[in-house]
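> give me coordinates for this.
(one chain, ligands or ions: 1)
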Amino acid sequence: MEKTVPPHVPRELVRDFDMYGYPANEWDVPQNLYRQVRAEGMPEIFWSPYNGGHWVITRASIIEEVIDNSDHFSNRYVGLPKHLNPARIFRPFQQDPPDSVPFRHLLAGLLTKQIVAAGRDAVQELAIELIEGFKPRGQCEFVIDFAQHLPIRMFMAIMSIPEEDRKPLLAIAEKISRPKYPDQRLEGYAEMDDYSLKLIEERRDGPEDDIVAKLCRAEIDGRKLNEEELLGVLGLLLIAGLDTVSGMLGFFVQHLARHPEQRREIRDNPDLIPNAVEELLRRYAHTTLTREVRVDLNLRGVEMREGDMMAVPLVLHNVDEEKFEDPFRVDFTREQLSSNVAFGGKVHRCLGALLARTELRVFLEEWLNRIPEFSIAPGAQPKINSRVTTINQVLPLVWETGT
Ligand code: HEM
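Alright, predicted model coming up:
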């Protein structure tokens, strides 16, 4: 892979570290990453020459400073390298304040508690149907058989999309999340636009009261959203909840598969489920944000230039011992949970956090009720895909039938 080190980057801050290619020979991926970037001699901020070249931020306090300072650090590019970003601007995700603010208000007003409650029933129904379907087999491929179905169903529920669209939507999501060749992701985005356009056409002037209809009627600064803006918002609603939730489900299940005492703790004390969700989100935060430096500046003694890219792995915040005591230990009674940044900082904080937590809670409730004892299939090797979101691509599970 080509290595990029611009002249303003001091040699002593360059490390041979590929953000998207770290070792995946253990199940505990975030811990592998952490070990490498906190090894002796690693600076708090260093330059990785891979993926177009970018800074890597490794400490909780600097991560907070960066993700909450949109005057200096822009969200325009949401992956590395810069030039591989999709042409479509996802709104408000790839905007900076003040442009992002009205789009955030709009979405926050649409993703209401009532909408999430409607989605919960649909997700719960699907979770039960899927689990009961494969339970008698004593095994499943968790990612394919379970994890990637839940977010699509949640999306369908909040957008009032009919059941017959599930398969085509799953196919589009698959192209975007796991393209078989590089251009397939772009094909997926194009198909998603076509699908969104169809929804817009159908509901623009109709009597419906669903999210698409509300978006079509919504106004920003006294005018309706144009087609490009509508597609940017609808597209974000679909992709923001896909790999994020299914990837997190993967980390939840692999942790519980390897820690029988903790899955029994949850099963025996269902009241712990909300805390368990927060603690596992903290420990396995799997999103690596990117930011573009907007002006020449000095960050903690490091000279950065306008246009430099930065990678901000949120897990490095959540497992920093300056922030959390004994940070690698998973403890469902931990108290300082709210300061974890699994859902981001203030400026772009996740607008789907309630939806995501709901899906994760439903999973713990329904799975542990039905398959309380399970493990990772003997001999299975982790296969990790790491981009904006780090996910387990395969997760074969086994259990004894009749449990
Ligand atoms: C476990 C699951 C999820 C995680 C860990 C997660 C994480 C995040 C993070 C870290 C951000 C901040 C991005 C930044 O600062 O650049 C974000 C933004 C966002 N998320 Fe999530 N997310 C999850 C699920 C969802 C779901 C289910 C939805 C529903 C549609 C969603 C919708 C959004 C939206 C719309 C934004 C953009 C907010 C903005 O740019 O102002 N997310 N998410």
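
> going forward, measure contacts and count neighbours with C-alpha atoms only.
OK.

> where exactly do the strands run in the stretch 301-403 of the chain?
Assigned by DSSP state E, counting those that start in this stretch, the stretch 301-403 of the chain shows strands spanning 302-304, 309-313, 375-376, 384-386, 390-392, 396-398.

> pick out the shakiest of these, pLDDT-wise.
Between the strands of the stretch 301-403 of the chain, the lowest average pLDDT goes to strand 384-386, which shows a mean of 82.

> which of the strands of the stretch 301-403 of the chain sits most buried?
Between the strands of the stretch 301-403 of the chain, strand 309-313 has the highest mean count of neighbours, a mean of 26, where neighbours are mean count of other Cα atoms under 10 Å.

> without its sequence neighbours, what residue ends up closest to whichever residue of the stretch 101-250 of the chain sits closest to the ligand?
Residue nearest to the ligand within the stretch 101-250 of the chain (Cα to the nearest ligand atom): Gly241, separated by 3.6 Å. Computed as Cα to Cα, 6 or more residues apart in numbering, the closest residue to Gly241 that is not its neighbour in sequence is Pro151, at 6.1 Å.

> ok, back up a step: would you reformat the strands of the stretch 301-403 of the chain as a markdown table and include distance to Leu13?
What follows is the strands of the stretch 301-403 of the chain, written out as a markdown table (distance: least, Cα to Cα, whole Å):
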| stretch | distance to Leu13 |
| --- | --- |
| strand 302-304 | 9 |
| strand 309-313 | 14 |
| strand 375-376 | 39 |
| strand 384-386 | 23 |
| strand 390-392 | 25 |
| strand 396-398 | 40 |
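
> related to what we said a few turns ago, my guess is the residue nearest to Gly241 contacts Leu249. True?
No: using Cα atoms under 8 Å, Pro151 is not in contact with Leu249; the gap is 10.4 Å.

> and the strands in this structure?
45-48, 54-57, 73-74, 139-141, 219-220, 223-224, 288-293, 297-299, 302-304, 309-313, 375-376, 384-386, 390-392, 396-398 (DSSP state E).

> show me what the first one is packed up against.
What that stands for is strand 45-48. The contact analysis (3 or more Cα pairs under 8 Å, 6 or more residues apart in numbering; DSSP states H and E) places strand 45-48 against strand 54-57.

> given the strand it packs on, what are its sheet partners and their directions?
With DSSP bridges as the test, strand 54-57 is paired with strand 45-48 (antiparallel), strand 309-313 (parallel).

> spell out which parts of the stretch 101-250 of the chain neighbour the ligand.
Neighbours of the ligand within the stretch 101-250 of the chain, by Cα under 6 Å from any ligand atom: Arg104, Leu237, Ala240, Gly241, Thr244, Val245, Met248.

> pull the contacting residues for the last one.
When the contact criterion is Cα atoms under 8 Å, 6 or more residues apart in numbering, the partners of Met248 are Leu281, Tyr284, Ala285, His286, Ile391.

> once you drop chain neighbours, what's closest to the residue nearest in space to the middle of the chain?
In the chain, the residue lying closest to the centroid (Cα atoms, centre = their mean) is Thr244, at 2.8 Å. Ranked by Cα to Cα, 6+ apart and with sequence neighbours excluded, the top spatial neighbour of Thr244 is Thr389, at 6.4 Å.

> what bridges to that neighbour?
Beta-bridge partners, per DSSP bridges, of Thr389: Thr287.

> surely it touches Gly241?
No: between Thr389 and Gly241 there is no contact under Cα under 8 Å: 11.1 Å.

> returning to that earlier point: hang on, the residue of the stretch 101-250 of the chain closest to the ligand packs against Leu354?
No: using Cα under 8 Å as the test, Gly241 is too far from Leu354 to be in contact (11.2 Å).

> mind checking which of those two has more residues around it?
A direct count of neighbours by other Cα atoms under 10 Å for Gly241 and Leu354 places Gly241 higher, at 19 against 15.

> what count of nearby residues applies to the closest residue to Val347 other than its chain neighbours?
Computed as Cα to Cα, 6+ apart, the closest residue to Val347 that is not its neighbour in sequence is Asp68, at 5.8 Å. Per other Cα under 10 Å, the neighbour tally for Asp68 reads 16.

> just the helices in the stretch 251-400 of the chain please.
260-268, 273-283, 314-318, 353-370 (DSSP state H, counting those that start in this stretch).

> which ones are touching the residue of the stretch 1-150 of the chain found nearest the ligand?
As assessed by Cα to the nearest ligand atom, the ligand sits closest to Phe93 within the stretch 1-150 of the chain, at 3.1 Å. With contacts defined as Cα under 8 Å, 6+ apart, the neighbours of Phe93 are Asn75, Ser100, Leu236, His348.

> now, the residues you listed that are in helices?
If you go by DSSP state H, these have Ser100, Leu236 in helices.

> and the contacts of Phe93, which two are furthest apart?
Asn75 and Leu236 (14.0 Å; Cα to Cα).

> between these two, which has more neighbouring residues?
Just comparing Asn75 and Leu236: by other Cα under 10 Å the higher neighbour count belongs to Asn75, 22 against 17.

> for that one, give me its contacts.
Listed by Cα under 8 Å, 6+ apart, the contact set of Asn75 reads Phe93, Gln94, Gln95, Asp96, Thr290, Arg291, Glu292.

> what's the closest of the residues you listed to Glu321?
Thr290 (23.0 Å).

> pretty sure that closest one contacts Val78?
Yes: using Cα under 8 Å, Thr290 is in contact with Val78, at 5.6 Å.

> quick one: which of those two has more around it?
Remark: of Thr290 and Val78, Thr290 carries more neighbours, 26 against 23, as counted by other Cα under 10 Å.

> check contacts around the more buried one.
Listed by Cα under 8 Å, 6+ apart, the contact set of Thr290 reads Asn75, Tyr77, Val78, Gly79, Leu80, Met309, Met310, Ala311, Val312.

> try 10 Å this time
54-56, 67, 73-82, 309-313, 388 (Cα atoms under 10 Å, 6 or more residues apart in numbering).

> for it, give its distance to Leu150.
Distance of Thr290 to Leu150, given as Cα to Cα, to the nearest Å: 27 Å.
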